[in-house]
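Participant: no FASTA, just this:
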Ligand code: CP
């Protein structure tokens, strides 16, 4: 299939064939990352602006590396050191960057919907790098890629998404992506962190961790978003760990060839015990490596893939 989109805003709007196209393309770029010279040229001549209005380690560096590996020119903008601090609006900021002839915008923002807002006036391709509590599509794709690489399939696997479903954009992207590719998805967390209508997204919903983990292949543990918690949603962090923390004992309920995932950053000792994060079944750092390949695939496809026209053509 030909990938025809100009923007990547959510996994809700992608169909299964589009997601598989991204995963298949990621496989090619994943091989590039293992070469002595980890650089190819398909984005030569393009300029990508990374706009981060919220803190990030993995996503920001991963996008920057993906762009450099594809030979794009890149600039990274963090709100804390910009004229946003002097009161400049988001729209003016982006229009000024576009006036400097950029081609693609990667944006992370604390407000849901900001990437959509940008598409109303931007002529660049817009990539959502995490918007508020809405979606984090490239994280969802890299999680799916990591599962696909290990099991050689996604359809039929039982995946449990643990934790803060109310605030987690990663969880929402995982739900849209995994259900469309045929996984059986369960979401588990305290009832105060389970948003209304979750069942309508095609997932099983649990407040009992032991029942949720029974017979699961993959557990993807969401971070408790301490910065987004409102008073009263969690009685105490100690109680959360005791009722929902991933421990060795609880892992006995999983299928034999199980996998532990976490999008990072981890609150060690809160959502999972320290030894779980670093155990043999943990693919947390593999997720990070795969993230660069997946973001290379997204940038490449949005730029037109093999059909991209350059001045040299
Ligand atoms: N997984 C993730 O989005 O991590 P960062 O916040 O460090 O980018």
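Facilitator: Sure, I can see it. Source: prediction; values computed, not measured.
Participant: Residues in a beta bridge with residue 76, which ones?
Facilitator: Each beta-bridge partner of residue 76 is listed here: residue 50, as defined by DSSP bridges.
Participant: what's the neighbour count on it?
Facilitator: Neighbouring residues of residue 76 were enumerated by other C-beta atoms under 10 Å; the total is 15. (Glycine included, C-beta is placed from N, CA and C.)
Participant: and the gap between it and the ligand?
Facilitator: To the ligand, residue 76 is 13 Å away according to C-beta to the nearest ligand atom, to the nearest Å.
Participant: my read: that residue touches residue 52, true?
Facilitator: Yes: Residue 76 sits in contact with residue 52 when judged by C-beta atoms under 8 Å, with a separation of 7.0 Å.
Participant: Give me the common contacts of those two.
Facilitator: Both residue 76 and residue 52 are in contact with residue 60, where contact means C-beta atoms under 8 Å, 6 or more residues apart in numbering.
Participant: Please name the nearest non-neighbouring residue to the residue in the stretch 151-300 of the chain that the ligand sits nearest to.
Facilitator: Nearest residue of the stretch 151-300 of the chain to the ligand (C-beta to the nearest ligand atom) works out as residue 263 at 3.9 Å. Leaving aside its sequence neighbours, residue 263 sits nearest to residue 170 (C-beta to C-beta, 6 or more residues apart in numbering; 4.6 Å).
Participant: and that neighbour, what does it touch?
Facilitator: 136, 139-140, 143, 222-223, 263.
Participant: at 10 Å instead, please
Facilitator: Residue 170 makes contacts with 130, 135-137, 139-140, 143, 161, 163-164, 220, 222-223, 225, 262-264, as judged by C-beta atoms under 10 Å, 6 or more residues apart in numbering.
Participant: distance of it from residue 223?
Facilitator: According to C-beta to C-beta, to the nearest Å, residue 170 stands 8 Å off from residue 223.
Participant: hey, what's in contact with both of those two?
Facilitator: Common neighbours of residue 170 and residue 223, counting by C-beta under 10 Å, 6+ apart, are 163-164, 262-264.
Participant: average model confidence for stretch 179-199?
Facilitator: What stretch 179-199 shows for mean pLDDT is 95.
Participant: The closest residue in space to residue 168 that isn't next to it in sequence - how many residues pack around it?
Facilitator: The spatially closest residue to residue 168, leaving aside those adjacent along the chain, is residue 222, at 4.4 Å (C-beta to C-beta, 6+ apart). Counted by other C-beta under 10 Å, the residues lying close to residue 222 total 23.
Participant: Looking at residue 222 now. What's its pLDDT?
Facilitator: In the prediction, the pLDDT value recorded for residue 222 is 95.
Participant: Show the contacting residues for it.
Facilitator: Taking C-beta under 10 Å, 6+ apart as the test, what residue 222 contacts is 161-165, 167-171, 174, 187, 189, 193, 261-263, 271.
Participant: try 6 Å this time
Facilitator: Residue 222 sits next to 163-164, 168, 171 when contact means C-beta atoms under 6 Å, 6 or more residues apart in numbering.
Participant: just to revisit the earlier point, state the distance from the residue of the stretch 151-300 of the chain closest to the ligand to residue 175.
Facilitator: According to C-beta to C-beta, residue 263 stands 13 Å off from residue 175.
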